[in-house]
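Enquirer: got a structure for you, letters missing:
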């Protein structure tokens, strides 16, 4: 039996029967359901199709439910249309349910904004777009654009080096977790794990329904790296999420951290997943040129 397994994320481009069968025959071992996108109805259809193909073709492809976790995201945009921003433009990141348009960009962080200081770098969509904080109010954040692009709905927002206030399990994760238990998925991954408590809370919420379901800690921020030994002890497996990790720590450190975590997991007898291509993050999170900074 090979020691390496292949995990594939399912989405609109890979959810058809013919495509899934080709992926299975090419060596896919586990399908990943990304709960940051899609509805429960869409995910349920994918689970049922995978299990139907398993039965028909005598395969054993497993299902992994990947919870969104404590992730700041861009909110709803007017008409779902991306908002283009240009270098040097001033925009406002605003809390609330109103759809974004023009220079008004909604985001869903609910903690105090006072911790965000002038000069803080703000990366959107894995650094494809970069802003720098220029002022903070109670429910909004003024920023200038360093690296331009088109801001899309539900894209992630990262603020490296800043410890933001997240408490408890999100309502979205609670709902997705109930769905995973009901559909008896094989693995559940918790995003943005910072301490062992994040996994212990997940296990507690699974309770007696955890039978057969293994808990994976996704490591993608400095806290998770710093507490990796304790996290490994309470987890069934670890996922090294290099995309977000490459935004939250210097990109050149990611390969070293990756090797360190793999060694620790091997010694502990825990499985470890190396996830996400780094190339996009390395390109997207580049340091702005002198001209880009001086013009802002």
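Expert: Good, I have the coordinates. Values in this document were obtained by computation on a predicted structure and should not be read as measured data.
Enquirer: From here on, just use CA atoms for contacts and neighbour counts.
Expert: Fine.
Enquirer: residues in contact with the helix of greatest length in the chain?
Expert: The helix spanning the most residues in the chain, taking DSSP state H as the definition, is helix 40-57. Residues outside helix 40-57 that contact it (CA atoms under 8 Å, 6 or more residues apart in numbering): 10, 15, 17, 20-21, 33, 59-61, 63, 176, 179, 183.
Enquirer: same deal with stretch 108-123?
Expert: 72-75, 95-96, 129-141, 157-160, 162, 164-166, 247, 285.
Enquirer: Just the helices from the chain, written as ranges.
Expert: Assigned by DSSP H, the helices in the chain fall at 17-26, 40-57, 171-182, 196-206, 222-226, 228-234, 242-248, 254-268, 279-284, 290-295.
Enquirer: what's the burial count for residue 13?
Expert: 8 (other CA atoms under 10 Å).
Enquirer: same check, this time on residue 116
Expert: 19.
Enquirer: picking that back up, tell me the one of the contacts of helix 40-57 nearest residue 223?
Expert: Nearest to residue 223 among the contacts of helix 40-57 is residue 176, at 24.3 Å by CA to CA.
Enquirer: surely the closest one meets residue 36?
Expert: No: using CA atoms under 8 Å as the test, residue 176 is too far from residue 36 to be in contact (9.8 Å).
Enquirer: anything in contact with each of the two?
Expert: Joint contacts of residue 176 and residue 36 (CA under 8 Å, 6+ apart) are residue 67.
Enquirer: Neighbour count for those two, which is higher?
Expert: Neighbour count, other CA under 10 Å: between residue 176 and residue 36, residue 176 has more, with 21 against 18.
Enquirer: do you know how far the more buried one is from residue 72?
Expert: The gap separating residue 176 from residue 72 is 17 Å, by CA to CA, to the nearest Å.
Enquirer: Same check on residue 231?
Expert: Look at residue 231 and residue 72: by CA to CA, they are 23 Å apart.
Enquirer: Looking at these two, which is more packed in?
Expert: residue 231 (26 against 19).
Enquirer: excluding its backbone neighbours, what's nearest that one?
Expert: Using CA to CA, 6 or more residues apart in numbering and skipping the chain neighbours, the partner closest in space to residue 231 is residue 196 (4.5 Å).
Enquirer: Also residue 186?
Expert: residue 213 (4.7 Å).
Enquirer: That neighbour and residue 182 touch, don't they?
Expert: No: in this structure, residue 213 is not within contact of residue 182 by CA under 8 Å, at 11.5 Å.
Enquirer: Settle it for me: which of these two has more neighbours?
Expert: residue 213 (19 against 10).
Enquirer: so how far is residue 185 from the more buried one?
Expert: 7 Å.
Enquirer: and if you look at residue 18?
Expert: 22 Å.
Enquirer: Pick out whichever of those two has more residues nearby.
Expert: Taking neighbours as other CA under 10 Å, residue 18 and residue 185 compare with residue 185 leading, 20 against 11.
Enquirer: Show the contacting residues for that one.
Expert: Counting by CA under 8 Å, 6+ apart, residue 185 touches 62, 63, 64, 65, 213.
Enquirer: List the backbone torsions phi and psi for the residue nearest to residue 186.
Expert: phi -100, psi 130 (degrees, to the nearest 10).
Enquirer: need the contact list for it.
Expert: 184, 185, 186, 187, 188.
Enquirer: So for it, what's the pLDDT?
Expert: On pLDDT, residue 213 comes in at 91.
Enquirer: And it, how far from residue 109?
Expert: Taken as CA to CA, the span from residue 213 to residue 109 is 30 Å.
Enquirer: Tell me where the stretch 51-200 of the chain is predicted with low confidence.
Expert: 165-168 (pLDDT under 70).
Enquirer: try 80
Expert: The stretch 51-200 of the chain contains residues with pLDDT under 80 at 163-169.
Enquirer: what ranges do the strands span in it?
Expert: 62-66, 72-73, 83-85, 90-94, 104-106, 121-124, 129-136, 140-147, 149-151, 156-158, 187-190 (DSSP state E, counting those that start in this stretch).
Enquirer: Could you export those as a markdown table, including distance to residue 52?
Expert: Output for the strands of the stretch 51-200 of the chain, formatted as a markdown table (distance: least, CA to CA, whole Å):
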| stretch | distance to residue 52 |
| --- | --- |
| strand 62-66 | 12 |
| strand 72-73 | 34 |
| strand 83-85 | 41 |
| strand 90-94 | 45 |
| strand 104-106 | 40 |
| strand 121-124 | 38 |
| strand 129-136 | 41 |
| strand 140-147 | 46 |
| strand 149-151 | 38 |
| strand 156-158 | 33 |
| strand 187-190 | 19 |
